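Chemist: pasting the structure only:
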């Protein structure tokens, strides 16, 4: 089982990589991560390059939050696998992360919600955390 600190490092690497795909440092990040993932094997490096190019295409498409979340998850798992197979790659991943701009925080304005209530309904929404809904009785009619 992979230690928790390596899982955390993989998650940080994934977030930094996905963020970098939309910045002007992308080419350098792409080359660095392709070498990191390739581990000196040209075929593995080429496969990593193709995956990184796919990531860049996903990031450039507007309004694709679901795909971005999936990309972060997929890259976290790839980096976890890399670290589990090659624990010595941890320092290299740390250096790669350090060279990238920090991930942008998600602002409330970036979260798009479409909550609607009809017939005197109530909408409850939570961005982070749990939501507990308590059922209520319908209002007494006036007639």
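Modeler: Nice, I can see it. Fair warning: this is a prediction, and the values are worked out from it, not measured in the lab.
Chemist: quick one: pLDDT of residue 5?
Modeler: We note a pLDDT of 87 for residue 5 in this prediction.
Chemist: and what of residue 30?
Modeler: Note for residue 30: predicted pLDDT of 96.
Chemist: Now do the same contact list for it.
Modeler: By Cβ atoms under 8 Å, 6 or more residues apart in numbering, residue 30 lies in contact with 49, 52-53, 56. All C-beta spots, glycine's among them, are computed from the backbone N, C-alpha and C.
Chemist: between those residues, which is nearest residue 100?
Modeler: Residue 100 has its nearest neighbour among the contacts of residue 30 in residue 52, at 13.1 Å by Cβ to Cβ.
Chemist: Which of the three states applies to the closest one?
Modeler: Counting by DSSP: H, G, I helix; E, B strand; the rest coil, the backbone at residue 52 sits in helix.
Chemist: And it, how close does it get to residue 30?
Modeler: To residue 30, residue 52 is 5 Å away according to Cβ to Cβ, to the nearest Å.
Chemist: how about the strands in this protein?
Modeler: In the chain, no segments count as strands under DSSP state E.
Chemist: Residue for residue, what is the longest helix it has?
Modeler: Identified as the longest helix of the chain according to DSSP state H is helix 65-85.
Chemist: can you list contacts of it?
Modeler: 2, 6-7, 9-11, 13-15, 17-18, 36-37, 39, 51, 55, 58-59, 61, 89-90, 93, 112.
Chemist: Quick one: residues contacting residue 32.
Modeler: 96, 99.
Chemist: again but with residue 49, I slipped
Modeler: Taking Cβ under 8 Å, 6+ apart, one finds 30, 34 in contact with residue 49.
Chemist: Could you check how far it is from residue 39?
Modeler: 13 Å.
Chemist: Between the two, which contacts overlap?
Modeler: The contact sets of residue 49 and residue 39 do not overlap (Cβ under 8 Å, 6+ apart).
Chemist: returning to what we had before: any of the contacts of helix 65-85 buried? List them.
Modeler: Among the contacts of helix 65-85, the ones that count as buried by 16 or more other Cβ atoms under 10 Å are 6-7, 9-11, 13-15, 17-18, 36-37, 51, 55, 58-59, 89-90, 93.
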